[in-house]
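In: Model the structure of this input:
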Amino acid sequence: MPPSMSTTATKTNRSFTLAADRLRELAASADPGRFAGLLDPLLSPSTLARLQQSARLQPRLAELLLGSKGEVSCGDWSEDALLGHDPRRAALLAGGIWHARSILKLFSRHDLPVLVELIGAEAHAFAVRHLSCAVATAPIADPEQLSRQIEYDGHACLGAWLEETSSLARIRVLLRLPAGTAAESSTAEHRSAAGPLLSLVMAHLRTEDAGA
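Out: Just a heads-up that it's a prediction; the model follows:
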C-alpha cells in the first residue's frame, strides 16, 4: 500500500474510533429513563443499566438516542457545553438565583432546612451570594413549592441557554436529564435571563474545575 493511502487509512480508522468513543460516552452519561421508550418497555431497570454500560452496545444505543443526528464527526463534537457537569445541578444553581429573593426570606427554622434539603446547600448559598441578579419578584413562602419553581425555572433557563449552542451540543446535555423537563420548553422570559444567569453558573463551575 502506498504511504499516502496508508496514512489516509490510519486517519480514517482514528476518526472512526474517536466517533465510537464519543458515542459510548454519550450513551453512558444519558439518563437511564431515556432508554425506556427506545427499548423493550418490559426490561427491568437493572437490565437497562447493564445494557447502557455495555461498551459493545453503547454506540448503537447512542445512535438510537440521537436519531437523525446519528452521524457524529470529529468536527461536530466540541467541548461539552457544561464541561461535563450535571445539568440538574446547573439548573438548580440558575433557578436559585432566579428565586433568590424568596430564598432569602425563608427565615423560619423549619422552612429553611426543608428547602436546603430539596435544592442542596450549594444552590442555596449560590442564590444568596447572587441576590442582586434575582429575576422573580413574587414571593413564594412554601419551601416545597419554591423548590419546584426553582427547578422549573432553572431547567428552562438552561434549555434557553443551550439554544445558543449547536444542536448536537444541546442534545448531549439534554440527554443527561430525564425526558420532559422545562429545559425542553423554554419561554421568552427565560431566554432573556438565561445568558446572565448561566454565565454566573459557568464561572462557578470553571472555578471549581480550576481548583480540583
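
In: hey, let's count contacts and neighbours off CA atoms from now on
Out: Noted.

In: right, and Glu144 touches Glu117 too?
Out: No. The pair formed by Glu144 and Glu117 falls short of the contact definition of C-alpha atoms under 8 Å, at 10.0 Å.

In: out of those two, which sits in the more crowded spot?
Out: For Glu144 versus Glu117, neighbours defined as other C-alpha atoms under 10 Å are more numerous around Glu144 (15 against 12).

In: State the distance from Leu174 to Leu146.
Out: As defined by C-alpha to C-alpha, to the nearest Å, Leu174 lies at a distance of 23 Å from Leu146.

In: which residues touch the most centrally placed residue in the chain?
Out: Within the chain, one residue has its C-alpha closest to the average C-alpha position: by C-alpha atoms, centre = their mean, that is Pro87, at 2.6 Å. By C-alpha atoms under 8 Å, 6 or more residues apart in numbering, the contact set of Pro87 is Leu158, Val173, Leu174, Arg176, Leu177.

In: Go again with 7 Å.
Out: For Pro87, the residues meeting the contact criterion (C-alpha atoms under 7 Å, 6 or more residues apart in numbering) are Val173, Arg176, Leu177.

In: Quick check, the second one in contact with Pro32.
Out: It refers to Arg176. No. Counting by C-alpha atoms under 7 Å, Arg176 stays clear of Pro32, with 8.6 Å between them.

In: Neighbour count for the two, which is higher?
Out: Set side by side, Arg176 and Pro32 give different neighbour counts by other C-alpha under 10 Å, the larger being at Arg176 (21 against 17).

In: So the closest residue to His99 other than its chain neighbours: helix, strand or coil?
Out: Nearest residue to His99, sequence neighbours excluded (C-alpha to C-alpha, 6 or more residues apart in numbering): Ala136, at 5.5 Å. For Ala136, the secondary-structure state derived from DSSP: H, G, I helix; E, B strand; the rest coil is coil.

In: Run a quick neighbour tally on Ala136.
Out: The burial metric for Ala136, expressed as a neighbour count using other C-alpha under 10 Å, is 15.

In: Let the chain start at 362 from now.
Out: Will do, 362 is the new start, and the previous item becomes Ala497.

In: thought it was touching Trp459?
Out: Yes. Checked against C-alpha under 7 Å, the pair Ala497 and Trp459 is within contact range at 5.8 Å.

In: Helices of this protein, start to end?
Out: In the chain, the segments counted as helices under DSSP state H are 364-390, 394-397, 406-413, 419-427, 448-459, 461-465, 472-480, 482-490, 504-523, 528-535, 549-572.

In: mind putting those in JSON lines, mean pLDDT included?
Out: Compiled in JSON lines, the helices of the chain are given as follows (pLDDT from 0 to 100):
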{"stretch": "helix 364-390", "mean pLDDT": "63"}
{"stretch": "helix 394-397", "mean pLDDT": "84"}
{"stretch": "helix 406-413", "mean pLDDT": "89"}
{"stretch": "helix 419-427", "mean pLDDT": "88"}
{"stretch": "helix 448-459", "mean pLDDT": "98"}
{"stretch": "helix 461-465", "mean pLDDT": "96"}
{"stretch": "helix 472-480", "mean pLDDT": "95"}
{"stretch": "helix 482-490", "mean pLDDT": "97"}
{"stretch": "helix 504-523", "mean pLDDT": "98"}
{"stretch": "helix 528-535", "mean pLDDT": "90"}
{"stretch": "helix 549-572", "mean pLDDT": "94"}
